[in-house]
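In: what follows is a predicted structure for the sequence shown.
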Amino acid sequence: MIRLKLSWLELNCLMTERLVFVHLGMSMPKHLIANIKYCKREFSDVEIVLIHDAPIESLPNISGISFYRYTSVDHEVTPILSKLQRNFEFRSGFWLLTKLRFLALAEYVGKVQSQIVHIESDVWLAPYFNFKYLQSSEFSLAYPRADTNRSIASIMFINGIEGARTLREVTLRNPELSDMELLEKLRRDISKKVISLPSSFDFNFQFAQDSSFKQEQTIFDGAAIGMHLFGADPRNTFGFLSKYMDFPSVTPKMSTLHFRFHDERLQISLGHGYSDIVCLHIHSKATTLFIRDYREVFKSVIKERSLGIKKSFLPRVALFCLVELSKLAILKIIRRIRVIIL
């Protein structure tokens, strides 16, 4: 028999707006804590959740947010460790943890039986972000594409139990794929259940199909826009940060696009109109947008961008990179010594 009515509790679970962060590992980065505090200020009616695997005493002291502890199990971790061809020593297990977060998200959604919006720790949500835009979706999962071979969970909508189940099953079935490769495979193989949120990657396709295309949609940044405006992670370039530049394999070229700050919204134009950008992937891990008035930040960024590429050097980041490389070198030496002894 089909039930036509939901109980008050079931209806409340479905309609509660939940914004979920995931951080697996001991050390909570500054940009994550700053972002959580920012979201708590801007979205007071939204439940902010941090999924973690750390001891309670190491959790950030932020009032008004929820915590959910995830504990990974060997039978899920081992296949990924054995088949994922990545350096697992890179940034304390980055490649493993980015995949395990999908299992953590699926487990959490299974517990609360609710729709959620997940954002990565370095993703800024605009104060005008509309949660109901995603809640009205009939798809199981939604996230942006990054390029022709990868999608990205910079922002990801999981539509309740079905979306969580799909994400979990595909993650366990493809231990050899990175998180971004996995999401692209999921998008292609289960296209009826997964939708790509409009991002800069989609612009070329829309113009190719319709030269008179007029932008009226919302833009969800996968990575390219935030990297252009605020730079790429300087840890990848030993402390050097470049803003307002084009990146290899990223199309269209960001330098060819027009940005403006209008009606207290960051907007982008490629055709005959403007679209609101509702989130930015701050790949550089800069906390500026999380601690300052976003209106002043964007006015300054747009003005500075008109002057061309800006490069700077961050000594603290360079020192971090040096320490990280030293640790990796020491670990390699220890492993070689063990092999020789055995």
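Out: Here it is on my side, so go on.
In: could I get the average pLDDT for the helix of greatest length in the chain?
Out: If you go by DSSP state H, the chain has its longest helix at helix 315-341. Mean pLDDT, helix 315-341: 75.
In: could you list the buried residues of it?
Out: By 16 or more other Cβ atoms under 10 Å, the buried positions in helix 315-341 come out as Val317, Ala318, Cys321. In this view, the C-beta of every residue, glycine as well, is placed from N, C-alpha and C.
In: in the protein, which residue is most central in space?
Out: Taking Cα atoms, centre = their mean, the centroid of the chain lies closest to Ser154, which sits 1.9 Å from it.
In: and the strands in the stretch 101-250 of the chain?
Out: 116-119, 123-125, 141-143, 145-147, 150-151, 155-158, 194-196, 219-220, 240-243 (DSSP state E, counting those that start in this stretch).
In: for Phe43, which of these is the nearest?
Out: Ranking the strands of the stretch 101-250 of the chain by their distance to Phe43 (criterion: Cβ to Cβ) puts strand 123-125 first, at 7.4 Å.
In: just checking, what packs against the closest one?
Out: In terms of contacts (3 or more Cβ pairs under 8 Å, 6 or more residues apart in numbering; DSSP states H and E), strand 123-125 is packed against helix 30-42, strand 274-281.
In: pairing partners for that strand, with directions?
Out: Paired with strand 123-125 in the same sheet, following DSSP bridges, are strand 274-281 (antiparallel).
In: for the partner strand, what is the average pLDDT?
Out: 94.
In: can I get the buried residues of helix 315-341 in a markdown table with distance to Val49?
Out: Below are the buried residues of helix 315-341 laid out as a markdown table (distance: Cβ to Cβ, whole Å):
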| residue | distance to Val49 |
| --- | --- |
| Val317 | 30 |
| Ala318 | 35 |
| Cys321 | 32 |
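In: burial of Ser199, as a residue count?
Out: The number of residues packed near Ser199 is 25, by other Cβ atoms under 10 Å.
In: returning to that earlier point: least reliable of the strands of the stretch 101-250 of the chain going by mean pLDDT?
Out: Among the strands of the stretch 101-250 of the chain, strand 145-147 carries the lowest mean pLDDT, at a mean of 88.
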